[in-house]
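Enquirer: I'd like to go over a predicted model; first the sequence, then the structure.
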Amino acid sequence: MRPILAVLAVTLAAHAAQADGTFDNRLRGPVPEIDRRAPLSSVVAVGAVDGGPLTDAARKAGELSPGVADGVRVADGLTGGLLVSWLQPVGPAGERFGANNDYLAWFGDAAKGYLWVSHEYLSGQGPTGRAAEWTAPTGDHARLAQWLMERGKLACDGAPPCWSQPKARAAHVAGVKESLGGSWLRVVKGGDGWRVDPTDANARRYPASSTTRLLMTGPYAGQVKDHDDAGRPLPKGVVAGTIADCSGGVTPWGTVLLGEENVEAFYGKKGRGLDIAGKGPSHDPDYYGWAAEIDPGADPGLVYDPKSGKGHAKHSALGRARWENFSFAVGADGRPVEGGPLTVYFADDRSGGRVHKFVSAKPWRQGASRAEKRKLLTAGTLFVSALTGVAPDGHTMTATGRAPTRGEGFVGRWVPVAVDHLADLFANEERLGIFGQNRPEEVEWHPGRAALYIAYTGHDDRGDRAGRIWAFEERPGESFIFYEVAAGSERLFADGGFARPDNLVVGTDGSLWFATDGQPGVTGGVAADAFYLLEIDDATGAARAVKRIVTAPPGAEITGPAFTPDMTTLFLAIQHPGEGAFEAATGWPLRP
């Protein structure tokens with residue numbers, strides 16, 4: 001038995017007697033035309049058995065054990081099932097759901113609405129090589145090739161010699177682009193749970209191809225001269241597609257702002273990524289790695305028009321880095337402060353990356369038009385956070401030898417940085433002497449607490465393998481206090497322990513939740529990645545309780561948590577099940 005399968009067997013036995021909630025791990029709807037044992041990234045819906053708010057149900061639930069199982073598990077008192085999986089039909093023209101779903105955003109009420117879904121990448125490796133020497137695709141790339149072959153879109157038997165044919169590689173690249181980008185889905189709740197309505201005329205797919213077009217704004221706007229995927233010039237400033245879309249945020253005017261994170265894997269390397277079909281780069285890699293704003297529901301080809309406030313854009317005023325997500329500073333009413341600047345927080349997701357904020361040049365006016373509000377992202381000041389007094393390990397203070405607390409009032413400062421696409425923002429901040437942080441991923445503004453929560457996933461080179469969650473609270477003069485909220489652990493988690501925190505979400509009731517990315521690696525495969533409720537002590541700002549309520553299948557992480565406004569449904573993205581060493585350990589979801 002392979003080691004990872006042995007661990008799975010042990011952990012299955014360990015929690016077999018646990019009183020878990022009920023979760024239907026069967027695929028719903030049409031079965032994609034690929035290997036029935038192939039793991040499929042999917043979106044799931046979770047609710048309380050009594051139909052009430054999930055915060056109450058989670059508090060009442062018993063502790064969900066940490067073990068890995070071949071499926072999604074939920075705590076007692078919760079229930080749920082699948083909503084949609086990779087390659088299932090989601091639109092009236094036969095559009096298919098994309099791969100490796102990440103960020104989710106809900107636009108609707110308790111029973112119906114639209115769901116935004118980002119598609120970050122395909123697991124495995126695409127065809128790679130030069131001249132006549134090519135390797136066959138693996139993982140999701142191999143499954144996509146199979147699906148394209150069976151539908152007559154790829155004349156290839158999948159063996160390495162096939163990939164020496166430029167037409168075969170071009171067909172594969174086109175298929176990959178169709179599986180990336182984003183989806184805009186009509187979702188309704190019925191007697192048998194939540195379902196996607198593939199007949200809805202407003203459903204859209206926003207692929208990574210030049211079908212999706214975005215206007216570059218800000219200081220880099222005049223330097224973009226792109227073309228479509230066939231080589232035909234696009235209007236000046238227009239970029240073909242958005243890629244590597246990780247997490248994101250909903251803007252105060254109702255669009256989604258997406259982080260183009262690990263774009264280096266796609267363009268600019270001949271014979272790899274998306275540059276395998278022709279002789280040179282198909283698109284300039286500098287056109288990616290920005291804050292991409294999608295106007296959901298609009299046609300994919302609708303380029304941003306500053307006069308109407310409609311269409312899709314990329315905003316160079318926010319800088320270029322490995323952006324994870326974006327969170328807007330708003331009050332308890334969900335609006336930015338009237339007459340003050342629009343403030344957006346985001347983080348450079350890498351070891352040594354840093355938390356940033358963008359402050360608009362012009363003030364927010366609630367009564368302004370949508371077009372005027374959207375222009376706030378085109379000009380302003382970019383700041384980077386400097387954590388004064390942090391020890392070389394990145395998570396304790398030099399003065400105390402321990403993690404900072406709220407009461408100690410350690411002060412950081414916001415340092416303005418120039419936005420220059422020709423320079424590496426990360427390198428510029430290194431030259432400024434600003435201490436790199438322990439891989440900040442998700443940041444989330446909490447309106448009720450007026451605090452920014454940051455998930456630091458960890459920094460292995462500094463001995464911080466488990467990560468932690470910190471908070472910033474703004475102070476006058478471009479300063480803030482910072483402190484630890486909860487620390488991760490490398491131990492087997494018996495009482496809500498966690499490692500490698502990633503995505504955060506604030507509920508409409510003020511509750512705080514987070515997901516993890518990497519718990520199996522930290523614990524030797526005995527703890528699955530999971531989703532948690534984090535309870536904060538009002539007096540200290542530190543965690544008073546952490547409770548695990550959902551666990552992921554083997555190899556998967558839980559991403560994109562999004563609640564309905566009444567907190568009765570939680571949508572979760574189950575990303576990259578069966579990835580890496582777990583590929584033989586799961587065929588999730590189950591096929592009917």
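Expert: Arrived safely, thanks for sending.
Enquirer: Centre of this protein to the edge, which residue is at the far end?
Expert: Distance from the centre of the chain peaks at Ala132, with 36.6 Å (CA atoms, centre = their mean).
Enquirer: Which other helices and strands does the longest helix seen in the chain contact?
Expert: Scanning the chain for the longest helix, with DSSP state H as the assignment, gives helix 166-179. With contacts taken as 3 or more CB pairs under 8 Å, 6 or more residues apart in numbering; DSSP states H and E, helix 166-179 sits against helix 139-150. Any C-beta I mention is one placed from the backbone N, CA and C, and that applies to glycine too.
Enquirer: Pull the contacting residues for Arg491.
Expert: Counting by CB atoms under 8 Å, 6 or more residues apart in numbering, Arg491 makes contact with Gly497, Thr523.
Enquirer: and the gap between it and Val522?
Expert: In this view, Arg491 and Val522 are 9 Å apart by CB to CB, to the nearest Å.
Enquirer: next one: Val546
Expert: Distance of Val546 to Val522, computed by CB to CB: 16 Å.
Enquirer: Look at these two and report which has more neighbours.
Expert: Between Val546 and Val522, Val522 has the larger neighbour count (other CB atoms under 10 Å), namely 23 against 19.
Enquirer: Thr242 - that's part of a strand, no?
Expert: No - using DSSP: H, G, I helix; E, B strand; the rest coil, the secondary structure at Thr242 is coil, not a strand.
Enquirer: Would you check that my belief about it contacting Leu214 is correct?
Expert: Yes - if you go by CB atoms under 8 Å, Thr242 and Leu214 touch, sitting 6.3 Å apart.
Enquirer: any idea how far Ala203 is from His315?
Expert: His315 sits 26 Å away from Ala203, taking CB to CB as the criterion.
Enquirer: can you list residues touching both of Thr242 and Leu214?
Expert: The overlap between the contact sets of Thr242 and Leu214 (CB under 8 Å, 6+ apart) consists of Ala292, Ile294, His312, Lys314.
Enquirer: wait, Ala487 sits on Pro404?
Expert: No - at 11.5 Å, Ala487 does not count as touching Pro404 under the criterion of CB under 8 Å.
Enquirer: one step back: tell me the mean pLDDT for the longest helix of the chain?
Expert: Average pLDDT, helix 166-179: 94.
Enquirer: Residues contacting that helix, please?
Expert: In contact with helix 166-179 (CB under 8 Å, 6+ apart) are residues 86-87, 96, 98-99, 119, 122, 126-127, 137, 141, 144-145, 147-148, 153-156, 162-163, 205, 207-209, 229, 241, 274, 276-278, 282.
Enquirer: picking up where we left off before, just name the closest of the shared contacts of Thr242 and Leu214 to Gly108, please.
Expert: Using CB to CB, Ile294 comes nearest to Gly108 of the shared contacts of Thr242 and Leu214, at 17.1 Å.
Enquirer: Give me the below-cutoff pLDDT ranges for this protein.
Expert: 1-18, 279-281, 421-423, 492-496 (pLDDT under 70).
Enquirer: Do you have the helices of it handy? List them.
Expert: So, for the chain - with DSSP H - the helices run 3-14, 54-60, 139-150, 166-179, 370-374, 425-431, 519-522.
Enquirer: Report the buried residues of the longest one.
Expert: Think helix 166-179. If you call a residue buried by 16 or more other CB atoms under 10 Å, then helix 166-179 has these buried ones: Ala168, Arg169, Ala170, Ala171, His172, Val173, Ala174, Gly175, Val176, Lys177, Glu178, Ser179.
Enquirer: Could you check the angle that helix makes with helix 139-150?
Expert: If you take axes from the mean of the first three to the mean of the last three CA atoms, to 10 degrees, helix 166-179 sits at 110 degrees to helix 139-150.
Enquirer: how far does helix 166-179 sit from the chain's center?
Expert: Its chain's C-alpha centre and that of helix 166-179 lie 24 Å apart, by CA atoms, centre = their mean, to the nearest Å.
Enquirer: And for the shortest one?
Expert: In this view, helix 519-522 has its centroid 19 Å away from the chain centroid, taken as CA atoms, centre = their mean.
Enquirer: Residues touching that helix, excluding its own?
Expert: Contact with helix 519-522 is made by 66, 68, 465-466, 488, 490, 493, 498-500, 526-530, 554-555, 582, as judged by CB under 8 Å, 6+ apart.
Enquirer: Mind checking which of these are buried?
Expert: Those of those that meet the buried threshold are 66, 68, 465-466, 488, 493, 498-500, 526-530, 554-555, 582, by 16+ other CB under 10 Å.
Enquirer: before we move on, back to that, out of the contacts of helix 166-179, which are buried?
Expert: Among the contacts of helix 166-179, the ones that count as buried by 16+ other CB under 10 Å are 86-87, 96, 98-99, 119, 122, 126-127, 137, 141, 144-145, 147-148, 154, 156, 162-163, 205, 207-209, 229, 241, 274, 276-277, 282.
Enquirer: Give me the subset of these lying in strands.
Expert: By the criterion of DSSP state E, membership of the buried ones among the contacts of helix 166-179 in strands covers His119, Arg205.
Enquirer: Please determine how far the residue most central in space within the chain is located from Leu104.
Expert: What sits nearest the mean C-alpha location of the chain, by CA atoms, centre = their mean, is Ser247, with 2.8 Å. As defined by CB to CB, Ser247 lies at a distance of 9 Å from Leu104.
Enquirer: Same check on Lys112?
Expert: Separation of Lys112 from Leu104 (CB to CB): 16 Å.
Enquirer: Settle it for me: which of these two has more neighbours?
Expert: Legend: neighbour count by other CB under 10 Å for Lys112 and Leu104, higher for Leu104 (25 against 14).
Enquirer: In space, what's closest to the more buried one - neighbours in sequence excluded?
Expert: Computed as CB to CB, 6 or more residues apart in numbering, the closest residue to Leu104 that is not its neighbour in sequence is Gly560, at 3.6 Å.
Enquirer: quick one: contacts for the closest residue to Ala321 other than its chain neighbours?
Expert: Closest residue to Ala321 apart from its sequence neighbours, by CB to CB, 6+ apart: Asp348 at 4.2 Å. By CB under 8 Å, 6+ apart, the contact set of Asp348 is Ala321, Arg322, Trp323, Glu324, Arg354, His356, Leu425, Phe426, Pro440.
Enquirer: you'd agree the first one is up against Ala291?
Expert: Same thing as Ala321. No - if you go by CB under 8 Å, Ala321 and Ala291 don't touch, sitting 9.9 Å apart.
Enquirer: and the gap between the residue lying closest to Asp56 once chain neighbours are set aside and Asp76?
Expert: Nearest non-adjacent residue to Asp56, counting by CB to CB, 6+ apart: Ala48, 7.3 Å away. As judged by CB to CB, Ala48 and Asp76 stand 11 Å apart.
Enquirer: roughly how far apart are the residue nearest to Phe326 when sequence neighbours are not counted and Ala170?
Expert: Once flanking residues are discounted, Phe326 sits nearest to Gly249: 3.9 Å by CB to CB, 6+ apart. Noted for Gly249: a distance of 35 Å to Ala170, by CB to CB.
Enquirer: What of Tyr267?
Expert: Distance from Tyr267 to Ala170, by CB to CB: 15 Å.
Enquirer: next one: Glu441
Expert: On the measure of CB to CB, Glu441 and Ala170 end up 34 Å apart.
Enquirer: Quick check: bridge partners of the nearest residue to Ala45 once chain neighbours are set aside?
Expert: Distances taken as CB to CB, 6+ apart put Trp194 closest to Ala45, at 4.4 Å, once the chain neighbours are dropped. Note on Trp194: beta-bridge partners Lys189, judged by DSSP bridges.
Enquirer: was I right about Trp194 contacting Thr569?
Expert: Yes - with contact defined as CB under 8 Å, Trp194 reaches Thr569; the gap is 7.0 Å.
Enquirer: who touches both of these two?
Expert: Residues touching both Trp194 and Thr569 (CB under 8 Å, 6+ apart) are Ala45.
Enquirer: Alright, I will stop here.
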